[in-house]
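# One predicted model, sequence on top.
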Amino acid sequence: MTVSGTRRSSAEYGHPPPSPADGAPRKPLREPFGRIDQDDALRARLLPFCRLRMGEVWDDPVAGHRVGVCDATDPAQVATTARGVSPNLCIADPPYNLSLGHRSGAATGMMMRADYEAFTASWLDAVLALMAPVASLYVWLGADVRDDFHPLPEFVSAMRARADWRPRNWITLRNQRGYGTQANWMWIRQELLYYARGKPRFDVAAEYTDIPKVLRGYYKQVSGRRTENSERSKADTIRAGNVWVDVQQVFYRMHENVPGCYAQKPLKAIERIIRSATSEGGTVLDPFAHSGTTLIACERLGRRAVTFNNDPIFAEIAMRRLEHYRATGRAGWQCANPFPEDLLAGSDR
Ligand SMILES: C[S@@+](CC[C@H](N)C(=O)[O-])C[C@H]1O[C@@H](n2cnc3c(N)ncnc32)[C@H](O)[C@@H]1O
């Protein structure tokens, strides 16, 4: 029997097409700008194009999504932005507070440990207060080996203090690209912690990958007959389990790429979480919207997203990404500028 989940092919996620058959060189692609969080001049250029200011919220008239400019650590602002909703699922991707390859910035953050702990406690208090009594929480985190694996232990300990939320799993996403030196194992992982309050839905169909099951063996007697594992299994592909090796990191050639948003999560990973934890019509909260991946995933899967960012530029990008998706069917811009009016102003430097 094959489990009929809604498995999606690589092509559907906009992975780069194979090289032209005639061997003709591919047209070089170039992103219009680098990281928005690190470029003050670029930020000054883009801010006038943003519809929302701090504390403001956009209610989507088409599917009921909500996007706001809101500080996740401010309980009053968070409550106002999420008024009247009781999400079944929260997907949080806060700044990791680590320097990747000796870089840092607003999207990964870089603050003193004590400040980061206070930041974590504040956003957890503000956000968890909104959640439905029975709900799932997924949190993306890093762990800096040069800093005693910060912030992972601090986060785990913050959750221990919130006893109604219980750990359910620890997923590792295997990146294709890593960082490190020849003198150590390359660092290719991102952590995804899964907590639950009560016993929320878990749809195992969401777990099946496109990877065929090839290993045979594991014989077992069933009703007096010796059976082999593939006869007993529910699907002909393997389950993702808690080490995800089948998710392509977003890079500039993919259609889902959003220029300027280097911390963007792959749509495939976010859709997997949403399909496992919610049914159609469910509400998903994402307090760190950035490129709006959760918003697009909800739109594609018929869920409602409530999402915000404390930076008006990222809130604007999330809204534009939704509008762009509705107009073109594309989940991102690849290397095109999400702010075409910036180009018209002749300032695409
Ligand atoms: C790691 S990124 C999230 C990436 C997102 N999951 C995606 O796929 O695009 C973290 C985001 O959190 C935002 N952020 C940082 N501090 C915040 C705060 N106090 N309130 C809301 N957003 C914040 C940053 O501006 C950044 O855009």
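Nice, thanks for sending it over.

# Grab the most central residue of the protein for me.
Lys265 (3.9 Å; Cα atoms, centre = their mean).

# Which of the helices or strands spans that one?
Per DSSP states H and E, Lys265 falls between elements, in no helix or strand.

# go on, Tyr194?
Per DSSP H and E: strand 187-197 holds Tyr194.

# is any part of that strand close to the ligand?
No: Strand 187-197 stays out of contact with the ligand when judged by Cβ under 6 Å from any ligand atom, the minimum separation being 10.3 Å. C-beta: built from backbone N, CA, C; applies to glycine.

# Quick check: mean pLDDT of that strand?
Averaging pLDDT along strand 187-197 gives 96.

# What strands line up against it, and which way round?
Applying DSSP bridges to the sheet, strand 187-197 is found paired with strand 135-141 (antiparallel), strand 166-179 (antiparallel).

# Looking at those, spot the one closest to the ligand.
Judged by Cβ to the nearest ligand atom, the one of the strands paired with strand 187-197 that comes nearest to the ligand is strand 135-141, at 6.8 Å.

# ok, back up a step: and the strands paired with strand 187-197, which is most packed in?
Of all those, strand 135-141 has the most neighbours on average by mean count of other Cβ atoms under 10 Å, namely a mean of 23.

# can you list the residues that contact that one?
With contact meaning Cβ atoms under 8 Å, 6 or more residues apart in numbering, strand 135-141 is reached by 87-94, 96, 128, 131, 151-152, 155, 165, 168, 190-198, 200-202, 265, 273, 277.

# next one: stretch 51-70
So stretch 51-70 is contacted by 71, 77-78, 80-82, 85, 287, 289, 292, 295, 298-299, 304-312, 315-316, 318-319, 322, 326 (Cβ under 8 Å, 6+ apart).

# near the ligand too, which of those?
Near the ligand, by the rule Cβ under 6 Å from any ligand atom, you find Asp71, Pro287, Asn309, Asn310, Asp311 out of the contacts of stretch 51-70.

# which of those residues has the most neighbours?
Per-residue neighbour counts (other Cβ atoms under 10 Å) across those peak at Pro287, which has 28 neighbours.

# Spatially, and excluding backbone neighbours, which residue is closest to it.
Ala72 (4.0 Å; Cβ to Cβ, 6 or more residues apart in numbering).

# Please give me every residue in contact with that neighbour.
Applying Cβ under 8 Å, 6+ apart, the residues near Ala72 are Val78, Pro94, Ser122, Trp123, Ala126, Val127, Pro287, Phe288, Phe308, Asn310.
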